[in-house]
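[1] Model the following, please.
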Amino acid sequence: MTGRHISEVELALATGGDLGLARGLRVWFHTRRCSRCAALLEGYAASRRALRESAGGDVMSPDAWAGLSREMTANIRLGLAAGRIVDFQSEARLLAPEPAGWRVAVVMATLTVVLTSGWLLRRPVPGAAGPRSSWAVAEASAEGVGIHEGQAGLMLLGPDRESSVMLAGTSGGARARFIDEQTGQVTIHHAALED
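    The predicted structure is shown next:
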């Protein structure tokens, strides 16, 4: 006897041979070891024999059941085809475009999440260390060329004479050319900012 018994429904189906191969084998092996399930199976088999004997020759053979099944399937298909011919509205519904409904809601919700996430990620967070509060400045003057950021800076000093050309560019750099009037020597200073 095993701990788990076969259900009475499966036993009744096994009596008629209506279980699949795997389930039928499981019932067969179980009833060989379990006297309770074997007694129930024998009771169902006796009831089946008694029913056949009382019906006489009126019980349909499996071939007759298969023919009846084919006929019923054909009638169902014929009824469905006739229903399609009569029901013009269902064909109109099939040809009409289906409203988008929930699909549009899903797309709109996805877009909303993506756009909101992008907006939140681009926004500066208060109190977080962001870009530097002071900007670096490139500068060209009579003293030389330099870069200053807040209190810190670097200055390339030129000769005591004024330079002939001083340029400060918007691209983050400054240049100065100094010409020594006595020797004609040119000194070029260039300071550039890089990210």
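
[2] Give me the number of neighbouring residues for Phe178.
    22 (other CB atoms under 10 Å). (C-beta placed from N, C-alpha, C; glycine too.)

[3] tell me which element it falls in.
    strand 173-179 (DSSP states H and E).

[4] Which stretches in this structure count as helices?
    For the chain, applying DSSP state H gives helices covering 8-16, 21-33, 35-55, 62-86, 88-95, 102-122.

[5] average model confidence for the shortest one?
    Mean per-residue pLDDT for helix 88-95: 61.

[6] and if you look at stretch 7-18?
    Rounded mean pLDDT across stretch 7-18 is 89.

[7] where among the helices of the chain is the average confidence lowest?
    helix 88-95 has the lowest average pLDDT among the helices of the chain, namely a mean of 61.

[8] coming back round to it: name every strand pairing with the strand holding Phe178 and say which way it goes.
    strand 165-169 (antiparallel), strand 186-192 (antiparallel) (DSSP bridges).

[9] what's the spacing between Gly24 and Phe178?
    106 Å (CB to CB, to the nearest Å).

[10] domain assignment for the chain?
    For the chain, automatic domain parsing gives the domain ranges 8-55, 64-95, 137-192.

[11] Output those as JSON lines; include the columns distance to Arg103.
    Below are those laid out as JSON lines (distance: least, CB to CB, whole Å):
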{"stretch": "domain 8-55", "distance to Arg103": "40"}
{"stretch": "domain 64-95", "distance to Arg103": "18"}
{"stretch": "domain 137-192", "distance to Arg103": "50"}
